[in-house]
Every structure is written in structure tokens, then in C-alpha cells.
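Engineer: requesting a structural model of the entry that follows:
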Amino acid sequence: MMRSIVLIGIATILLALLASSAFAGGAVQAHTWKYIISPAEGSLEIRSPSVGVGSDGKIWVAYVDGSDTYNINVTWYDGTQWHSKNIMRATMSTTGSGAGYRMISMSVVNNEPHVFYYTEDSNKVNGYLNHTYYDGSEWHTEIVWQGSLVSNTGTTAPPLIAKYYDGTFYILFQVCCLNITQNPEDALYLITGTTGHWTSPQIVIKESGSHGLYGDLAVYNSTKVGILIYDMFSSSSNKIYYLKYTEFNGVTFSPVENFSSSDDDYVAKLAFNSTGVPHVYDEYQYNSQNSYVAQWVRNKNGTWTRTYIDTRDNNPGGPIYATTSLDGTITLAYNIDGQSGIQFAQQTATGWDIETLSDPLSGNAFAHLASIAFDSSGNIYVAYMNWDSTKSRGDTSHIVIATTNSTVPELSDWAMAFAFTMIAGVAILRKL
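Structural biologist: Alright, predicted model coming up:
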């Protein structure tokens, strides 16, 4: 009996030591992080993980499984266990009715998840902007917008950004290939409203010829909705990427400002600070060999100032995720070339606090497949894709959630409890 107790005690101590060091982050951490590996996984890249947290503490993650069927799934943690729900299943390769080029967006409102995503019919003629939500007992789906467009490449494409503020959703999305048989046009549309009550789409910008329009959206208040436009222009010799900005006051758009151009090819992100000043973040090509994480800030006179917040090489780090915390602090997630894990940065009065979030599967963690959310207590939740350790495209990918919420059990806690149970069981069997 005494021998069994000693074995259990030693095993528990060893497991605790392993757990405390298993998911170490950067050298200097501004936060204490716990890491959850959710049940979400895919045989290819998991696309567009979108995380949200309700006031009831439930953690919701919507994502696209990058397998051949491009399933859109929602998984959530209720404080005790994980649950999963498939909300859209289609086969891109055979019917074309896929997950809108793998772009989705989710907001958690009044403890209910609201997921927005694209589908298109099998002939790729009609595109649909869909809204699926859970009311606490049932799942519902409605069509927010339907476009009857002629296209050889699909009627809708990224971006799809949905933000919620004070009873209203603001949805930015792209419609491509208008008038494809004559003069192809791309357009960014904005739709506002709520469940069952949506406005007609308003055109933010439209370009004809060799333009590809992407963008981002941030809401400061109901009369100050910022829209970042990322205009990819292709000529016979090269591609130029223009950054443009406009604001929606609830009725009309301000004149479009063109404030930057470069040879970089990653989509930028937009966030407001606590006083409503728009900030834009991107991987900016500093020279022919290096790309840095750059920040543009709009000045009072309408001009923009660029600075660099991280001069480690970001190429080919990919796009940056940007958002604003409950107290108005701008928060970023991004990759640095050759660095394990992803970078988490928060703006301070004197600069930036930058720390490394772990790569718990010892594979590749990707910030451009990431999102950030905050709960009502200010705890941070960063969801990002993580390959298995062999880092191969054929391996399983997972969604990792890094959180500062100390009450959420991480993988090591569950593993420790399971291992303790197993060891205790072995010890009892040996005694018997």
C-alpha cells in the first residue's frame, strides 16, 4: 500500500513539472498563458478560425476544415467539455458549393454565436452570403444577400468581415467578376442590420480592369465605421498594392484616401485606438530582402505616418491580425520568419509589448490563420492554426487557443488528470 502511494506521489510531481514547462512562450512574457488544443482539426489547413467568448464564459470557435469537403464547423467549450456542430457541408471540387474560398466571420452576441459565410450554386452563377446562428436551443440559417452574377471563377471571394456594435452587424464583403463578358469589375459591398432585417448592399468601391479588391472593417461607433481597402493592381510588368481608407457614418462614405503603395502581397488589417484614430498594420517590404511589420496612423490633417513595430524579418510571415481590446488597446498577432510560434503584441504608452505564443504541437503555428477575442473580464483568447510536429501539408492541423484566463483547463491539465488516473489504476491493480 505504501509503495503504491509513493509511486502515485512521484508520478504526480513529475507530471506537474512537465506541465509547467511544456508550453513555455517567449523569453519575456507580459502575460501568463494557458494553451488549449480544441477538438477542431483538419487533414489540410484549417482556414479562418474565428474565436469569440460569451459573458457566460463559453468559448466559441468557427472554422473551415480545409479538407476536400470544405466543411464549416463550430466548436465550443461550455466550462466542462467541448461540443461541435457542422453548419455547412459541400464539395468544392464537384459542385462548386463551397465555403466561399474558405472565408468566414463570427461574432458572439448575447452569448449566441453568429457565423457569416459564402456559398455559391453548382453553376457558379448565384452567390450567397449566409448567416447561421444558435439561439440557445436550435441552429438557424438565413440568406443575407444573393447576387445573380455571371462568373467563370465564382461570384464571391474574400474578404468577408462581420463586426457587431450596439445592435447592428456591419458586414464587408467582395463581389468579383461583375460584367465578366465585357469589362470585369470588382466591388466591395457593405451590408448592415440584424437577424431578419438587412439593408441592401451599398458599394464602398468599384474598380474595373486588372484590380483585385480586399479589405478590412473596424467599428468605433455607429457613425464612425472604418473601412480599409486593399487594392491589388496587376499590369503587364508587375503588381502594385495600394492601401486606401474610407469611413461610413451610417449613411454615406467619406472620400477614399490612397495613402500607400508597395510590392507587398499580403492583406493589411485595420483597428481603432481608444480615441478613434485609425491604425493600419501590414507586412511592408522594407527592401528587396526584408519585410517588416509596419503601422500606419492617420493624422488629423488626413495624412498617414508609417513606422515599424517589429524589424525582424516578417517575410514570408503572412498577413497580420489586428483588433482592439476592451480598454482600447490595439492588439496584434503575426508570424516572424524562422520563429516558432506566433507573435502577440499590444500597444503601450511608449511602444509595444511583444511576446511569443507557444507552438504546443512542435509544428508550424500560423498567425495569418488566427483571431483574437476578449471576455467581459478582459481575458485574452488567441485562436490559431497549428500543424502536427512533422510540419507536412498532409498532416493533421489543429486550432490552438492561447488564453490568459487561468480558470480554463489546458491540455496539460486534462493529460495530467488522465495520467494520474491511469497510474493510480495500475498501482491498485498491482496491489490486488
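
Engineer: what's near enough to touch residue 227?
Structural biologist: Contacts of residue 227 were listed using C-beta atoms under 8 Å, 6 or more residues apart in numbering, and they are 172, 188, 190, 204, 215-217, 245-248, 253, 270. To be clear about C-beta, it is placed using only N, CA and C from the backbone, and glycine gets the same treatment.

Engineer: what's the PyMOL syntax to select whichever of those residues are buried?
Structural biologist: Typed into PyMOL, the line below selects the buried ones among the contacts of residue 227, using 16 or more other C-beta atoms under 10 Å:
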select buried, resi 172+188+190+204+215+216+217+245+246+247+248+253+270
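
Engineer: tabulate the contacts of residue 227 (a markdown table), appending secondary structure.
Structural biologist: Listed next are the contacts of residue 227 as a markdown table, based on DSSP: H, G, I helix; E, B strand; the rest coil:
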| residue | secondary structure |
| --- | --- |
| 172 | strand |
| 188 | strand |
| 190 | strand |
| 204 | strand |
| 215 | strand |
| 216 | strand |
| 217 | strand |
| 245 | strand |
| 246 | strand |
| 247 | strand |
| 248 | strand |
| 253 | strand |
| 270 | strand |
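
Engineer: and which of the contacts of residue 227 is nearest residue 398?
Structural biologist: Distance ranking of the contacts of residue 227 against residue 398, using C-beta to C-beta, places residue 216 first at 25.9 Å.

Engineer: show me what that closest one bridges to in the sheet.
Structural biologist: residue 228 (DSSP bridges).

Engineer: residue 60 too?
Structural biologist: Residues in beta-bridge contact with residue 60 (DSSP bridges): residue 52, residue 76.

Engineer: against residue 112, how distant is it?
Structural biologist: Distance, residue 60 to residue 112, using C-beta to C-beta, to the nearest Å: 9 Å.

Engineer: between those two, tell me which one has more neighbours.
Structural biologist: More crowded of residue 60 and residue 112, by other C-beta atoms under 10 Å: residue 60, with 26 against 16.

Engineer: just the CA trace of stretch 106-114, in CSV.
Structural biologist: What follows is stretch 106-114, C-alpha atoms only, in CSV (Å, rounded to 0.1, in the frame of the first residue of the first chain):
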residue,chain,number,x,y,z
MET,A,106,-18.1,35.0,-36.4
SER,A,107,-19.4,37.3,-33.6
VAL,A,108,-20.7,36.2,-30.2
VAL,A,109,-23.6,38.4,-29.3
ASN,A,110,-25.7,37.9,-26.1
ASN,A,111,-23.9,34.5,-25.6
GLU,A,112,-25.1,33.4,-29.1
PRO,A,113,-22.7,32.7,-32.0
HIS,A,114,-23.4,34.4,-35.3
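
Engineer: need the contact partners of that stretch.
Structural biologist: Here stretch 106-114 has contacts from 50-56, 58, 60, 62, 74, 76, 115-116, 131-136, 162-164, 169, 195, 373, using C-beta under 8 Å, 6+ apart.

Engineer: state the mean pLDDT of it.
Structural biologist: Across stretch 106-114, pLDDT averages out at 96.

Engineer: if we can go back for a sec, quick one, which of the contacts of stretch 106-114 are buried?
Structural biologist: 50-54, 58, 60, 62, 74, 76, 115-116, 131-134, 162-164, 169, 373.

Engineer: pick out the lowest-pLDDT one from the contacts of residue 227.
Structural biologist: For the contacts of residue 227, the pLDDT minimum is residue 215, 87.

Engineer: count of neighbours near the closest residue to it other than its chain neighbours?
Structural biologist: Sequence neighbours aside, residue 229 is the residue nearest to residue 215 in space, at 4.9 Å (criterion: C-beta to C-beta, 6 or more residues apart in numbering). Neighbour count for residue 229, taken as other C-beta under 10 Å: 23.

Engineer: list the contacts for residue 229?
Structural biologist: 188, 204-205, 213-215, 242-246, 256.

Engineer: send over stretch 295-308 as PDB, restricted to the C-alpha atoms.
Structural biologist: The C-alpha coordinates for stretch 295-308 follow below in PDB (Å, rounded to 0.1, in the frame of the first residue of the first chain):
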ATOM      1  CA  GLN A 295       2.000  50.600 -38.800                       C
ATOM      2  CA  TRP A 296       0.200  53.500 -40.500                       C
ATOM      3  CA  VAL A 297      -1.500  56.100 -38.300                       C
ATOM      4  CA  ARG A 298      -4.000  58.600 -39.800                       C
ATOM      5  CA  ASN A 299      -3.100  62.200 -38.700                       C
ATOM      6  CA  LYS A 300      -5.600  64.900 -38.000                       C
ATOM      7  CA  ASN A 301      -4.900  66.600 -41.400                       C
ATOM      8  CA  GLY A 302      -5.800  63.400 -43.200                       C
ATOM      9  CA  THR A 303      -2.200  62.300 -44.000                       C
ATOM     10  CA  TRP A 304      -0.800  59.000 -42.800                       C
ATOM     11  CA  THR A 305       2.500  58.300 -41.000                       C
ATOM     12  CA  ARG A 306       4.300  54.900 -41.300                       C
ATOM     13  CA  THR A 307       6.500  53.400 -38.600                       C
ATOM     14  CA  TYR A 308       7.800  49.900 -37.900                       C
END
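
Engineer: what does that stretch rub up against?
Structural biologist: 243, 245, 257, 259-260, 277-282, 284, 286, 292-294, 309.

Engineer: try stretch 244-260
Structural biologist: Contacts of stretch 244-260 (C-beta under 8 Å, 6+ apart): 170, 190, 202, 204-205, 222-231, 242-243, 270, 278, 280, 296, 298, 302-304, 306.

Engineer: if anything else comes up later, I'll come back, but that's it for now.
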